[in-house]
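> Below: sequence and its predicted model.
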Amino acid sequence: MRELAELAAARDALEPRRVTRALAETFERWRAPGSPERARLAREHGVHSPEVVERGVKLALAGWTEESLTALRARELSEPCWVPPVTAVWLAGSIPTAAFSALSLPLLAGSAVYAKPAAADPVSARLFAASLAETDPAVGAALGIGSDAKALDDADAVVAHGSDATIALLRARVGPGRPFIGYGHKLSLAAIGPAIEPLVAARRLALDVALWDGRGCLSPAWALVSDSPRGRAAELAHALAVALEEIDETLPRGALEAAESADLLELRARAAVREGTRLELAAATGDWSSAGSILADVRAYVVEAAVEADEAKLVSLPCFADRFEGRAAAANGAIDRAIEMLTAASDGFEALEAPYERARTDVDLARALAATGRIEEAGTRAATAAKVFASLGAVKDLAVARRSVGTGS
């Protein structure tokens, strides 16, 4: 490849002190207040919001100084070694500073770079290369940006980022005769021990999640929490929900891909099932002492998910919450409130064409109506429920429905 030959010739400018200084000055341009490079990337990136790009780049580059780069080079190249004349770097993902480091490290070692930008982020690599060329044209000439896959065959070494499957394919193509370094899928966990306050941990965790929308290698996908004393993990979960809602005002999430939107909707649907199950388990115990806090949690979740409720199949959860509140009210003697909420739940399940859940609700409603002397209405509700249970073969539910109006038959 002609481009690789030109890069190999430009490698002469990669004298250690010169390349270190050029990289440090370029990083300073990117993290400086009012940086035009950072502002342009924020406008053009397209995956992450401008606010996330602005803050993420500043935070990530804070320690990339000439002193730290000099120390890094001295530590990694403490012994004489062979440096590839030209390294092909195949980028992946949408994190700008991950691209910056992938391009800079071979240069720091003295290797020219031919880089293919990531499909998700075709902007960051090109803007960084342009800023390096402005800082030091000779050093910048040793960094080329392109998309010619032949570089994988002709470069002296290959560094690749991507999925495990992509890394396996590229490794096979490069073969055993040349250096190949692959960075595949990574998953990070946050471990929260007993020494840190839940509110402090929640704020820090929220920042780690919000930066780069959770897409980074170091973005925590799970949080492991020491639940001592008992309830501490739940406290942190609630605090994290609040912290994430607050930080969305300053670090809003970027656009989601279609597959990511589908995953989010599925996650919300699973959460809805979990919350609905929580209501049913609480009702089954017959202990209504914690009903208020459980209901408040579920109602809050309903509000949070309301925007995407139809798509995420969450529309049944408010009905479960209404039924739970009605049952709790009946258990505590608030019969009028019980009838109101159970009627709302029954109507909701009917609208959703969920006959079994409507029938179960009507049995509770029949009991509440009977308690106020509205025997005829109670009988109608219970009889309607019994017909549904009979048609579904729900023998135990049918027996309960018959007992609710005292027929026993």
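Great, that's in hand.

> How much space separates the closest residue to Leu224 other than its chain neighbours from Ala223?
In space, and not counting its chain neighbours, Leu224 is closest to Ala191: 5.0 Å by C-beta to C-beta, 6 or more residues apart in numbering. Placement of C-beta: from N, CA and C, glycine included. Remark: distance between Ala191 and Ala223 (C-beta to C-beta, to the nearest Å) = 8 Å.

> Equivalent analysis for Leu317, please.
Leu317 is 24 Å from Ala223, by C-beta to C-beta.

> higher neighbour count, these two?
A count of neighbours by other C-beta atoms under 10 Å puts Leu317 above the other of Leu317 and Ala223, at 25 against 18.

> just checking, that one touches Arg299?
No. If you go by C-beta atoms under 8 Å, Leu317 and Arg299 don't touch, sitting 9.6 Å apart.

> where does the residue nearest to His161 when sequence neighbours are not counted fall, phi/psi-wise?
Closest residue to His161 apart from its sequence neighbours, by C-beta to C-beta, 6+ apart: Ala92 at 4.1 Å. Dihedral angles of Ala92 (phi, psi; degrees, to the nearest 10) stand at phi -150, psi 160.

> I'd guessed Ala92 sits against Pro117; true?
No. At 9.6 Å, Ala92 does not count as touching Pro117 under the criterion of C-beta under 8 Å.

> Tally up the residues packed near the nearest residue in space to Ala155 that is not next to it in sequence, please.
Among residues not flanking Ala155 along the chain, Ala88 sits closest, at 3.6 Å (C-beta to C-beta, 6+ apart). Neighbour count for Ala88, taken as other C-beta under 10 Å: 32.

> can you tell me which residues contact Ala88?
By C-beta atoms under 8 Å, 6 or more residues apart in numbering, the contact set of Ala88 is 113-116, 151-152, 155, 157-159.

> try 7 Å this time
Contact analysis of Ala88 by C-beta atoms under 7 Å, 6 or more residues apart in numbering lists 114, 151-152, 155, 158.

> neighbours around Ala149, how many?
Count around Ala149 with other C-beta under 10 Å applied: 12.

> Oops, could you answer that again for Glu134 instead?
The tally of other residues near Glu134 (other C-beta under 10 Å) stands at 13.

> which residue sits closest to it in space, ignoring its chain neighbours?
Counting by C-beta to C-beta, 6+ apart, Glu134 lies nearest to Gly140, which is 7.3 Å off, once chain neighbours are set aside.

> on that earlier part again, let me know the pLDDT of the residue nearest to Leu224.
pLDDT for Ala191: 95.

> For it, grab the count of nearby residues.
For Ala191, using other C-beta under 10 Å, the count is 10.

> Enumerate the positions of the helix or strand it falls within that are buried.
Element membership for Ala191 (DSSP states H and E) is strand 188-192. For strand 188-192, a neighbour-count test (16 or more other C-beta atoms under 10 Å) marks 190, 192 as buried.

> which helices and strands sit right next to it?
Strand 188-192 is packed against helix 198-210, strand 220-225, with contacts defined by 3 or more C-beta pairs under 7 Å, 6 or more residues apart in numbering; DSSP states H and E.

> Direction included, what does that strand pair against?
Paired with strand 188-192 in the same sheet, following DSSP bridges, are strand 220-225 (parallel).

> residues of the partner strand that come out buried?
Across strand 220-225, burial judged by 16+ other C-beta under 10 Å covers 220, 223, 225.

> pretty sure Ile247 is touching Ala210, no?
Yes. Contact status for Ile247 versus Ala210: in contact at 4.8 Å, counting by C-beta atoms under 7 Å.

> So for the helix or strand where Asp347 lies, what gets flagged as buried?
Element membership of Asp347, judged by DSSP H and E, is helix 335-351. Buried positions in helix 335-351, judged by neighbour count with 16+ other C-beta under 10 Å: 335, 337-346, 348-349.

> Pull that helix out as CSV, backbone CA atoms only.
The C-alpha trace of helix 335-351 is given here as CSV (Å, rounded to 0.1, in the frame of the first residue of the first chain):
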residue,chain,number,x,y,z
ILE,A,335,-64.2,-0.2,52.2
ASP,A,336,-65.2,2.8,50.1
ARG,A,337,-61.6,3.3,49.0
ALA,A,338,-61.3,-0.5,48.4
ILE,A,339,-64.4,-0.5,46.1
GLU,A,340,-63.1,2.5,44.2
MET,A,341,-59.7,1.0,43.5
LEU,A,342,-60.9,-2.5,42.8
THR,A,343,-63.5,-1.2,40.4
ALA,A,344,-60.7,0.7,38.6
ALA,A,345,-58.5,-2.4,38.5
SER,A,346,-61.4,-4.5,37.2
ASP,A,347,-62.2,-2.0,34.4
GLY,A,348,-58.5,-1.8,33.5
PHE,A,349,-58.1,-5.5,33.2
GLU,A,350,-61.3,-5.7,31.1
ALA,A,351,-59.9,-3.0,28.7
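
> Would you map the helices across the stretch 201-350 of the chain?
For the stretch 201-350 of the chain, the helices defined by DSSP state H, counting those that start in this stretch occupy 232-247, 258-285, 291-305, 309-312, 317-331, 335-351.
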